[in-house]
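Student: Next come a sequence and a model predicted from it.
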Amino acid sequence: MRLVVRLTLMVGFAVFTMGAFLSSQVHAHGGLSMAEDMCKLTVGPYMMHFSGYQPESTQEKQFCEDIPATGQTIVVLDYIEQELRSLPAEVRIIRDTGAEDNLEAETVFHLPAKVYPNGSIDFRYTFDKPGKFVGLVSVGEKMEHVSRFPFSVGEPKVFSKFLNIYMVPVVAVVIVGAIVFFMRDRKPSQAASS
């Protein structure tokens, strides 16, 4: 009976530890980063607050980097520095093909350069298929400040894929290891009598 309790505690501890480790993982993409519970986009010397929403699938839940699903997506870029209000800004989303030689051919969404005196850029785009994309935000009279950030749409993160593939063997090894660890404490006379 003590063996079952020990095994249960050991497996429970392993699951708890792995869950705590996984929930603390944070991954940043290109010009996007998390700071003080805000997703900030760095564009040259300037910063913008980035917010993404998918009202049809995630209601009011905000995302910062990868887009969780296909469908209608709303993106809001709020200026942090006042100087940005007088500069033209352009937003472009392209397919991530590994080369950016022909931006026009790879562009899936383009918001032409314009001045946003209210300090906020917002747009809607419907992603029809999952895939990998790159967001480009350019600022300045000559579009000299550019932020480039890759993101995926409707695809699990690589880390999640890794866990899905390897989680069962890892849990099996932990359980077998726990059994071997606790069985080594048993005396031969205990094993024969049970």
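Tutor: Arrived safely, thanks for sending.

Student: next structured bit after the lowest-mean-pLDDT helix or strand in the chain?
Tutor: Of all helical and strand segments in the chain, the minimum by mean pLDDT, DSSP states H and E falls on strand 32-35, at a mean of 49. Per DSSP states H and E, the first helix or strand lying C-terminal to strand 32-35 is strand 38-43.

Student: How about the helix or strand following that following strand, which residues are buried there?
Tutor: Next along the chain after strand 38-43, taking DSSP H and E as the criterion, comes strand 46-53. For strand 46-53, the buried set under the neighbour-count rule, 16 or more other Cβ atoms under 10 Å, comprises 46-48, 50-53. Glycine gets a C-beta too; all of them are placed from N, C-alpha and C.

Student: next one: stretch 120-138
Tutor: 121, 127, 133-138.

Student: Who are the packing partners of the helix or strand hosting residue 133?
Tutor: Following DSSP H and E, one finds residue 133 within strand 131-139. Under the contact criterion of 3 or more Cβ pairs under 8 Å, 6 or more residues apart in numbering; DSSP states H and E, strand 131-139 touches strand 38-43, strand 88-95, strand 145-153.

Student: what does it rub up against?
Tutor: 31, 41, 43-44, 46, 48, 77, 84, 87-96, 100, 108, 113, 145-155 (Cβ atoms under 8 Å, 6 or more residues apart in numbering).

Student: again, 6 Å this time
Tutor: 43, 87, 89-94, 96, 145-153 (Cβ atoms under 6 Å, 6 or more residues apart in numbering).
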